[in-house]
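**Q** just to be clear, the model below is a prediction. Sequence and coordinates:
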Amino acid sequence: MATVCVEIAVGDDPRLPNALASLETQARRPDRVFLAAAPTTPAGLLDAARSRAPSLVVEVGRFPNGIVGARAGALERIGEELTAFLDSDEVAPADWLGRLVGPIEDGRAGFTGGPTRPLRPARTSIERYYELLERSIYEDLVATSVAYLPLQNTAWRTADLRRLGFDPRIPYAEDHDLETRALAGGLRGTFVPEAWVYHDKSTETSYRRWLAKRYRYLLAMAMSLLKNGGLRGRLGEARHPVPHPLRYVEAALKPIALLHASVRWRRVARGAAPPVR
């Protein structure tokens, strides 16, 4: 079997200890867990997380420039053959890691990804929206192209990640950009439905934060599509509407985000660095 590192990028997220504890229960145990932390991540949070998984080898690195900067910086610190990504708001069942990396180890895939399930029944309208949205992503978009796999439940050969790098110009949609370039370069991506994880969205309570977060994502996704020549294909994709009132708000944001993205991408494409490797 290949050596495996599970990377968790984290800011100040109180759900991190639960994520790390779930890795200690894995039937296929990771050789190491790497916490890619922001400079402001509280040391007490990291200590509390480590205490929940005392038998795991856990290393911490602090990196600037948000999640993309953390993921790019962590690539130089990962020596294992495979890298699997888990988010700090996710909890993995015991057979998750083995199922996720299996198709890579046996040569069926260059990278893999699995879906999410809600950790508990939705208690707010925002939680319910995210639950339905994620279901739509996996049932509609990922069924069309694995370039839409959210990065936080994927596995890769570490050498491929280093070769491809993360593009700092497209935060919040760096996964779509990475996977689109991987597929264009000949890697085969495979969706593994049984490699699911629980997703805890219990902290999503503010409509203002939801609006800002969704707009950032729509802007970044439009930039990735513009960069990779995928906008026309995306507009022609068949997708069932999310059965929730917030979908009308998001629909109103999309043309604004696309216009904003077209202006921003022309600017950053001229002046910013290429993907960080």
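**A** On my side now, so go ahead. Numbering: from 1, shown residues only.
**Q** helices of the protein, start to end?
**A** Using DSSP state H, the helices assigned to the chain run over residues 16-24, 43-51, 66-74, 96-105, 125-136, 142-144, 158-164, 174-184, 207-228, 231-235, 246-271.
**Q** contacting residues around the closest residue in space to A257 that isn't next to it in sequence?
**A** When the adjacent residues along the chain are set aside, A257 lies closest to L218, with 3.8 Å between them (C-beta to C-beta, 6 or more residues apart in numbering). Just so you know, the C-beta spots here come from the backbone N, C-alpha and C atoms, and that holds for glycine as well. Applying C-beta atoms under 8 Å, 6 or more residues apart in numbering, one finds that L218 lies in contact with 250, 253-254, 257-258.
**Q** highest neighbour count among those?
**A** Of all these, the most densely surrounded is A257 (21 neighbours; neighbours counted as other C-beta atoms under 10 Å).
**Q** any idea how far it is from E179?
**A** With distances taken as C-beta to C-beta, to the nearest Å, A257 is found 20 Å from E179.
**Q** where in the stretch 101-250 of the chain is pLDDT low?
**A** 235-238 (pLDDT under 70).
**Q** just to revisit the earlier point, could you export the helices of the chain to CSV, including columns for distance to V4?
**A** As requested, the helices of the chain are exported to CSV (distance: least, C-beta to C-beta, whole Å):
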stretch, distance to V4
helix 16-24, 11
helix 43-51, 19
helix 66-74, 14
helix 96-105, 6
helix 125-136, 25
helix 142-144, 23
helix 158-164, 9
helix 174-184, 19
helix 207-228, 27
helix 231-235, 33
helix 246-271, 34
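**Q** looking at these, which is closest to D200?
**A** helix 16-24 (7.2 Å; C-beta to C-beta).
**Q** let me know the average pLDDT across that closest one.
**A** Along helix 16-24, the predicted confidence averages to a pLDDT of 97.
**Q** how big is the angle separating it from helix 43-51?
**A** Interaxial angle, helix 16-24 versus helix 43-51 (axes from the mean of the first three to the mean of the last three C-alpha atoms, to 10 degrees): 20 degrees.
**Q** what's the angle from helix 16-24 to helix 96-105?
**A** Using the same axes, to 10 degrees, the inter-axis angle of helix 16-24 relative to helix 96-105 is 60 degrees.
**Q** what's helix 16-24 packed up against?
**A** Helices and strands in packing contact with helix 16-24 are listed as strand 4-10, strand 32-37, helix 43-51, strand 90-91; criterion 3 or more C-beta pairs under 8 Å, 6 or more residues apart in numbering; DSSP states H and E.
**Q** how about a cut-off of 7 Å?
**A** Applying 3 or more C-beta pairs under 7 Å, 6 or more residues apart in numbering; DSSP states H and E, one finds that helix 16-24 contacts strand 4-10, helix 43-51, strand 90-91.
**Q** deepest of those, which one?
**A** Ranked by mean neighbour count under mean count of other C-beta atoms under 10 Å, the helices and strands packed on helix 16-24 are led by strand 4-10, which reaches a mean of 25.
**Q** just the CA trace of it, in PDB.
**A** Coordinates of the C-alpha atoms in strand 4-10 are reproduced here as PDB (Å, rounded to 0.1, in the frame of the first residue of the first chain):
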ATOM      1  CA  VAL A   4      -0.900   8.500   2.800                       C
ATOM      2  CA  CYS A   5      -1.000  11.900   4.400                       C
ATOM      3  CA  VAL A   6      -4.400  13.500   5.300                       C
ATOM      4  CA  GLU A   7      -4.200  17.200   5.100                       C
ATOM      5  CA  ILE A   8      -6.700  19.500   6.900                       C
ATOM      6  CA  ALA A   9      -6.600  23.200   6.200                       C
ATOM      7  CA  VAL A  10      -7.900  25.100   9.200                       C
END
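**Q** how far is it from where the chain is centred?
**A** Average the C-alpha atoms of strand 4-10, do the same for its chain, and the two points are 11 Å apart (C-alpha atoms, centre = their mean, to the nearest Å).
**Q** pLDDT (mean, whole number) over that strand?
**A** When pLDDT is averaged over strand 4-10, the result is 97.
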